[in-house]
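Dropping the sequence and predicted coords here.
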Amino acid sequence: MTLTPEGIVLRPTGPVEPLDRRVLGLAAVGVGGFGLAAIYQLSGDRHLGVPCLLHATTGLNCPLCGSTRMAAALLRGDLDAAWHFNPVVLVLGPLIGVAIGYQLLAYGLERIRWVKLPRIRLSPRVVDWSIKVLVVLLLVYGVARNLN
């Protein structure tokens, strides 16, 4: 086992720190979302997708409305259309995706005993505040997008 100055351990030994189940859940949601976007994109004129209950019943757009179309536009390489469908998810999605991807990579490399990378660790207080800020941001965006 070799420890480098940055806290990276080459050829680690000993028990592997388990992966937080929330990381796996968020990764599954991301992969499922892009899978749904691919189906939506490949469905042609039928445009298969998950209907929004709020939009179907009230005609209002929820904060996540347009996310499938946004991801489908990204799969086509159309960043302008993706921004039009849902700019908040377009910005937050990659940020969350990079953090989740790093956690999965760090876990996988440690699991196969190549290298132990520092993991992202958030205190329960930071997680609590992050969720509250995210919910407020999405609620404000949900109201704002229906004002016009």
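Looks like it came in fine. Residues are numbered from 1 along each chain as shown.

Check the secondary structure at the closest residue to R111 other than its chain neighbours for me.
Leaving aside its chain neighbours, R111 sits nearest to V16 (5.4 Å; criterion: C-beta to C-beta, 6 or more residues apart in numbering). (C-beta placed from N, C-alpha, C; glycine too.) Secondary structure, DSSP: H, G, I helix; E, B strand; the rest coil: V16 is coil.

May I have the residues that are in contact with V16?
Y107, E110, R111 (C-beta atoms under 8 Å, 6 or more residues apart in numbering).

and the last one, how far is that from W83?
Using C-beta to C-beta, to the nearest Å, R111 is found at 37 Å from W83.

Which members of the contacts of V16 are positioned in helices?
Judged by DSSP state H, the contacts of V16 include Y107, E110, R111 as members of helices.

Could you find the closest non-adjacent residue to the first one?
Translated: Y107. That would be L19: by C-beta to C-beta, 6+ apart, it lies 4.6 Å from Y107.

just checking, the one you found touches L105?
No. L19 is beyond contact range of L105, at 11.0 Å (criterion: C-beta atoms under 8 Å).

Could you check which of those two is surrounded by more residues?
L19 (17 against 12; other C-beta atoms under 10 Å).

element containing L60?
According to DSSP states H and E, L60 maps onto no helix or strand at all.

And the strands in this protein, which stretches?
Under the criterion DSSP state E, the chain contains strands at 2-3, 9-10, 115-116.

Mean pLDDT lowest where, among the ones you listed?
Among the strands of the chain, strand 2-3 carries the lowest mean pLDDT, a mean of 44.

Can you report how many residues lie near the nearest residue to R119 once chain neighbours are set aside?
Once flanking residues are discounted, R119 sits nearest to A106: 5.4 Å by C-beta to C-beta, 6+ apart. Burial of A106 is recorded as 19 neighbouring residues (other C-beta under 10 Å).

Could you do W83 as well?
Counted with other C-beta under 10 Å, W83 comes out at 14.

Which residues outside stretch 127-141 are in contact with it?
P63, L64, V88, L92, L122.

and which of those residues is nearest to D78?
The closest of these to D78 turns out to be V88 (C-beta to C-beta; 17.7 Å).

Can you give me the separation between the closest one and L48?
24 Å.
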